[in-house]
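# 3D, please:
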Amino acid sequence: MNCHFVQNLLSAYLDNELVGARKVAVETHVEQCWRCRRELESLGAVKAKLSGTAQVAAPVGLETRLKTAVFEPRLRTAPWLLVGLAAGASMFAFWLAIRVADRPVPTQSVAATQPASKHMEVASDRAYLDSSDPISGGVQIVTVNYAGGR
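Here you go, the predicted model:
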């Protein structure tokens, strides 16, 4: 066993948590290695000092406050976030109002300006798209129908 591995097990050894071959290996290494033996003695001294201290009772309600703080998070909304959302909504409404106001208002319907014989006229074209068909690799051809108004 190397020192790094043994030093990671020293606390468990002091607490009598090691059994069998690991316990024997740590004991054998500590007998032969002065650094690990000094580390074991140092940990033993700290454990002895800590075991002699008095335990202090937790304040009343501490457990409940901790559980509430951890398991029941509150909705914390930053005031600047609400201001930002309100400003964004106002800007969108203003933009939308301008877009709607800029649209021309038709004065006469298309059907009223065309002769009655052309109400159902339909034309057909072939449009060539810039992109190619991903499956065949050829150019896509799309038929487009234009229908006149009533």
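
# residue 59 and residue 27, how far apart?
According to Cβ to Cβ, to the nearest Å, residue 59 and residue 27 sit 43 Å apart. (C-beta placed from N, C-alpha, C; glycine too.)

# comparing these two, which residue is more hemmed in?
The residue with more neighbours, out of residue 59 and residue 27, is residue 27; 14 against 8, by other Cβ atoms under 10 Å.

# please identify which helix or strand holds that one.
According to DSSP states H and E, residue 27 maps onto helix 20-32.

# buried ones in that helix?
Across helix 20-32, burial judged by 16 or more other Cβ atoms under 10 Å covers 22, 26, 29, 30.

# what's that helix packed up against?
When contacts are defined as 3 or more Cβ pairs under 8 Å, 6 or more residues apart in numbering; DSSP states H and E, helix 20-32 sits against helix 3-14, helix 34-51.

# elements contacting the first one?
Secondary structure elements in contact with helix 3-14, counted by 3+ Cβ pairs under 8 Å, 6+ apart, are helix 20-32, helix 34-51.

# hey, which helix or strand in the protein has the poorest pLDDT?
Every helix and strand of the chain was ranked by mean pLDDT, DSSP states H and E. The lowest is strand 122-132, at a mean of 47.

# coming back round to it: now the buried residues of helix 20-32 in JSON lines, with pLDDT?
JSON lines is the format used below for these (pLDDT from 0 to 100):
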{"residue": "22", "pLDDT": "90"}
{"residue": "26", "pLDDT": "90"}
{"residue": "29", "pLDDT": "90"}
{"residue": "30", "pLDDT": "90"}
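
# quick check: the two most widely separated of the residues you listed?
22 and 30 (12.5 Å; Cβ to Cβ).

# so for the longest helix anywhere in the chain, what gets flagged as buried?
Ranked by residue count and defined by DSSP state H, the top helix of the chain is helix 79-101. For helix 79-101, burial by neighbour count (16+ other Cβ under 10 Å) applies to no residue.

# show me what that helix is packed up against.
Helix 79-101 packs on no helix or strand, going by 3+ Cβ pairs under 8 Å, 6+ apart.
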